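Attaching a predicted model along with its sequence, questions to come.
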Amino acid sequence: MSEEEEETKRKLILFGRDVSEIPCFRNSYLYGISSGIGMGLTYFMFTSKVRMATHVGFGSFLGITMIYWIHCRYKYSLNKFNMGQLQAAMKKKAMYEGTERAERIEKNLKDA
């Protein structure tokens, strides 16, 4: 049964990494591809220039993919950083629970 499960789950390996495990990869490419097709078709519908529409479509694919990738990775790293800070604060709270210091911290939080 495990062999069948491994066969059904296909992996795309790119430069030694499974792309399904890379954060933001899927969304970036989906937005890039769909916007590239949309921009290329729109440009072609208005100008009827095939070559230039191809350039516009490919350029918008590259641009939007890169912009969305940078934005998504920034948000991902910011979220990861905040989660690390939250985990550290939770460990400190658990360590100080029931002590006088915890009561002072709670009082300061309520006053703020």
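Sure thing, it's come through. Numbers count the residues shown, from 1 in each chain.

CA atoms for contacts and neighbours, from now on please.
Fine.

List the contacts of stretch 66-78.
For stretch 66-78, the surrounding residues in contact (CA atoms under 8 Å, 6 or more residues apart in numbering) are Pro23, Cys24, Phe25, Ser28, Tyr31.

at 10 Å instead, please
Residues outside stretch 66-78 that contact it (CA atoms under 10 Å, 6 or more residues apart in numbering): 23-29, 31-32, 60, 63-65, 79-84.

Make a PyMOL selection of the buried ones in these.
Buried members of these can be picked out in PyMOL with the line below, counting by 16 or more other CA atoms under 10 Å:
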select buried, resi 24+25+28+29+32+60+64+65
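
Select from the contacts of stretch 66-78 every entry located in helices.
25-29, 31-32, 60, 63-65, 79-84 (DSSP state H).

hang on, Ser35 in a helix?
Yes - according to DSSP: H, G, I helix; E, B strand; the rest coil, the state of Ser35 is that of a helix.

For the residue lying farthest from the centre of the chain, give me the pLDDT.
Note on the chain: the largest separation between a C-alpha and the mean C-alpha position, by CA atoms, centre = their mean, falls on Glu100 (41.7 Å). Per-residue confidence (pLDDT) for Glu100: 83.

how much space between it and Ala88?
According to CA to CA, to the nearest Å, Glu100 and Ala88 sit 20 Å apart.

Equivalent analysis for Ile22, please.
Relative to Ala88, Ile22 is positioned 25 Å away (criterion: CA to CA).

Kindly report the same for Leu62.
Counting by CA to CA, the gap between Leu62 and Ala88 amounts to 39 Å.

Perfect, that will be all.
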